[in-house]
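S.K.: Here is a sequence together with a model predicted from it:
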Amino acid sequence: MFEVLFYILNKGMKFIESALNRDGEAVFTRAARGLMSLIPTPLVFQVSGLWKPNHVLCRENVVPASEIVAVEETEIDKKQCDSGKWQKMSKLHAFTVHYIKRARNHRWRCSEITFWCIDEQLCNQWIQALKELLDSQKSRPKQLLVYINPYGGKRQGKRIYEQKVAPLFNLASISADVVITEHANHAKDNLFEVNIYKYDGIVCVGGDGMFSEVMHGLIGRIQKDSGIDQNNPKTPLAQCSIRIGIIPAGSTDCICYATVGIIDPETSALHIIVGDCQPLDVSSIHHNNTFLKYSVSLLGYGFYGDILKDSEKKRWMGPMRYDFSGFKTFLSHQYYEGTVSFQPAKGTVGSPRDKESCRTGCHICRQTKQLEEQQKNYGFEHKEVEDEWKVIKGKFLAINAVNMSCACPRSPKGLSPAAHLADGSADLILVRKCSRFNFLRYLVRHTNQDDQFDFPFVDVYRVKRFQFTSKHLEDNESDIKDVGKKRFGQFCSDHPACCCNLANSTWNCDGETLDSSAVEVRVRCQLVKLFARGIEIYKDEAAYNSSSNELLS
Ligand SMILES: CCCCCCCCCCCCC/C=C/[C@@H](O)[C@H](COP(=O)(O)O)NC(=O)CCCCC
Ligand SMILES: Nc1ncnc2c1ncn2[C@@H]1O[C@H](COP(=O)(O)OP(=O)(O)O)[C@@H](O)[C@H]1O
Ligand SMILES: [Ca+2]
């Protein structure tokens, strides 16, 4: 990895002493041939007595080239030139390197350092070499399409973009076409009309609902252009290579939190600028050979569906609506009857009860991808295995399927702390009917370090496919009933008809309501890509309070 080493001398004035990579070799021989021979002498100002040969290099002063945001020539104002020791020098030249600085809790900030030089030609060579280095990083986006939901969260989307994101994009020479949405589905419909292929990425400014809208537009458009019918649940889908960036400006922002580690627009903008790439599993949801929706975070029936449905009527309350509706839904203690059937995930290495979470460069996600590639090579990839369905019939307070941890500020470890972003599986959490007190104990464990799966009324499975049919629908004449009867017939005939709760809930699908009392869900491994890298591992994960968290290399 390329690194520019910064030496700090003379009360904060900064100079480049040399440019080296981790092995101590010259970096710029690769970036700009010939420049290296010029570097060691003139760039170090030999201000006598101030040079400290054994100056300790702190980690903070080492910046990988991949984390340089921009390099600019710096205008030196007269005041700086006239001050102190500089007076004696003829004319000064300078350039500024803007780079990523890690702060607490996965927060990134754009910091800057200015290098001074008396040799104009050398200064220009440095600027050019660094710019070439940045240009050589092909994963960085140059042109983006940005959708802003002005009504998401606390209605700050436009301001957040203009004040915190656009200046960074300008600095990094990224051009952006910005659309401020005028109604729901504006972004989704627009993605079917514009030439998406001229963009390196699509950015949504809003919450999970806004992300969902953009993702539906992008996946739908790619399938349309590839001639793929989304209504057939068995059809393999075309992967989306255009990455999606999320600038959090919503109410929960769990997709951002679970993929970046913090809800912070500036951090997310920097992940976009450096061209991060995080593949993401997507679940497709069908009913009776009709496509309903895609989901990447929570697909929840019962508790979370009811909260969402109720909270939609209270949008005027902003993000607080979830607390209000959450409390109300908790008190109602509604349970739902139905049948869940699922295929356990076989190809994946992990389990939902693992202590290890999905982090940057996750080996479990990587292994899954390798396995999939191998299957592709052997021609197995599109063959559906129809065996090993597990069937569970019962009364549920919540049925939650999550493709990621669903960590968010309300629940820092999430609904399923060990769920993986890109392992081709989802964690299916079944919370069976229990007392209010026990359900509260279960919810409280989402906010502390205790294991939320360690309850007799909670089951969790890692799955590739699952189906749910409400009791209500099973008892009615419908197409799905015929399919259901074949599979669940023995259970239905055993079940006493007297004490059935025929209420139906709604699905909470990434923060969008979905009304369907029967669904068929399939996880599509790494269908989309985000401008993110997963949550980075700090050397001491628990030491979130340390002011300069060090990355584990
Ligand atoms: C006694 C204390 C109990 C606290 C329990 C807290 C449990 C919180 C789990 C949160 C899971 C969140 C899953 C993510 C859902 C979002 O996709 C969705 C829409 O987000 P957005 O579009 O940004 O608004 N948010 C929700 O459904 C809100 C769930 C809030 C539950 C209290
Ligand atoms: N201009 C708009 N007016 C009304 N609704 C919109 C607009 N733009 C997007 N939406 C919809 O608003 C919903 C919620 O948006 P989101 O950004 O997730 O905010 P929140 O997190 O507060 O729910 C999404 O379903 C999205 O489709
Ligand atoms: Ca997953």
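M.R.: Alright, I've got the coordinates. Ligands and ions are numbered 1, 2, ... in the order given.

S.K.: Nearest to ligand 1 within the stretch 151-300 of the chain, name that residue for me.
M.R.: When scored by Cβ to the nearest ligand atom, the stretch 151-300 of the chain has residue 207 as its residue closest to ligand 1, at 2.7 Å. In this view, the C-beta of every residue, glycine as well, is placed from N, C-alpha and C.

S.K.: Count the neighbours of that residue for me.
M.R.: The number of residues packed near residue 207 is 26, by other Cβ atoms under 10 Å.

S.K.: And residue 353, by the same measure?
M.R.: Residues near residue 353, counting by other Cβ under 10 Å: 14.

S.K.: on that earlier part again, and for the residue of the stretch 151-300 of the chain closest to ligand 1, nearest residue in space, chain neighbours not counted?
M.R.: Spatial nearest neighbour of residue 207, chain neighbours left out: residue 250 (1.5 Å); criterion: Cβ to Cβ, 6 or more residues apart in numbering.

S.K.: Now do the residue nearest to residue 412 when sequence neighbours are not counted against ligand 1, distance only.
M.R.: Excluding the flanking residues, the one nearest residue 412 by Cβ to Cβ, 6+ apart is residue 447, at 7.6 Å. Distance of residue 447 to ligand 1, given as Cβ to the nearest ligand atom, to the nearest Å: 5 Å.

S.K.: Likewise for residue 471?
M.R.: Distance from residue 471 to ligand 1, by Cβ to the nearest ligand atom: 24 Å.

S.K.: Might one say that that residue is in contact with residue 335?
M.R.: No - contact between residue 471 and residue 335 fails when scored by Cβ atoms under 8 Å: they sit 10.8 Å apart.

S.K.: more neighbours, these two?
M.R.: Legend: neighbour count by other Cβ under 10 Å for residue 471 and residue 335, higher for residue 471 (23 against 20).

S.K.: What residues does the residue of the stretch 151-300 of the chain closest to ligand 1 make contact with?
M.R.: Counting by Cβ atoms under 8 Å, 6 or more residues apart in numbering, residue 207 touches 149, 152, 153, 248, 249, 250, 251, 252, 253, 511.

S.K.: contacting residues around the first one?
M.R.: Going back to what we said before, that points to residue 149. 157, 181, 187, 204, 205, 206, 207, 209, 210, 249, 250.

S.K.: need those residues in JSON lines with distance to ligand 3, pLDDT and secondary structure, can you?
M.R.: Output for these, formatted as JSON lines (distance: Cβ to the ion, whole Å; pLDDT from 0 to 100; DSSP: H, G, I helix; E, B strand; the rest coil):
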{"residue": "157", "distance to ligand 3": "28", "pLDDT": "98", "secondary structure": "helix"}
{"residue": "181", "distance to ligand 3": "29", "pLDDT": "98", "secondary structure": "coil"}
{"residue": "187", "distance to ligand 3": "25", "pLDDT": "98", "secondary structure": "helix"}
{"residue": "204", "distance to ligand 3": "21", "pLDDT": "98", "secondary structure": "strand"}
{"residue": "205", "distance to ligand 3": "25", "pLDDT": "98", "secondary structure": "strand"}
{"residue": "206", "distance to ligand 3": "23", "pLDDT": "98", "secondary structure": "strand"}
{"residue": "207", "distance to ligand 3": "21", "pLDDT": "97", "secondary structure": "coil"}
{"residue": "209", "distance to ligand 3": "20", "pLDDT": "95", "secondary structure": "helix"}
{"residue": "210", "distance to ligand 3": "21", "pLDDT": "97", "secondary structure": "helix"}
{"residue": "249", "distance to ligand 3": "25", "pLDDT": "98", "secondary structure": "coil"}
{"residue": "250", "distance to ligand 3": "21", "pLDDT": "96", "secondary structure": "coil"}
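
S.K.: quick one: low-confidence ranges for the stretch 51-200 of the chain?
M.R.: Residue ranges of the stretch 51-200 of the chain with pLDDT under 70: 51-62, 78-91.

S.K.: actually the chain, not the one I wrote
M.R.: Filtered on pLDDT under 70, the chain yields the residue ranges 1-62, 78-91, 376, 378-387, 477-502, 539-553.

S.K.: need the residues of it near ligand 1, please.
M.R.: Within reach of ligand 1 by Cβ under 6 Å from any ligand atom, the chain has these residues: 207-209, 250-254, 297-298, 304, 307-308, 322, 326, 406, 408, 410-411, 415, 443-444, 446-447, 508, 510-511.

S.K.: So how do I select the buried members of those in ChimeraX?
M.R.: Per 16 or more other Cβ atoms under 10 Å, the buried members of the residues of the chain next to ligand 1 correspond to this ChimeraX selection:
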select :207,208,209,250,251,252,253,254,297,298,304,307,308,322,326,406,408,410,411,415,443,446,508,510,511
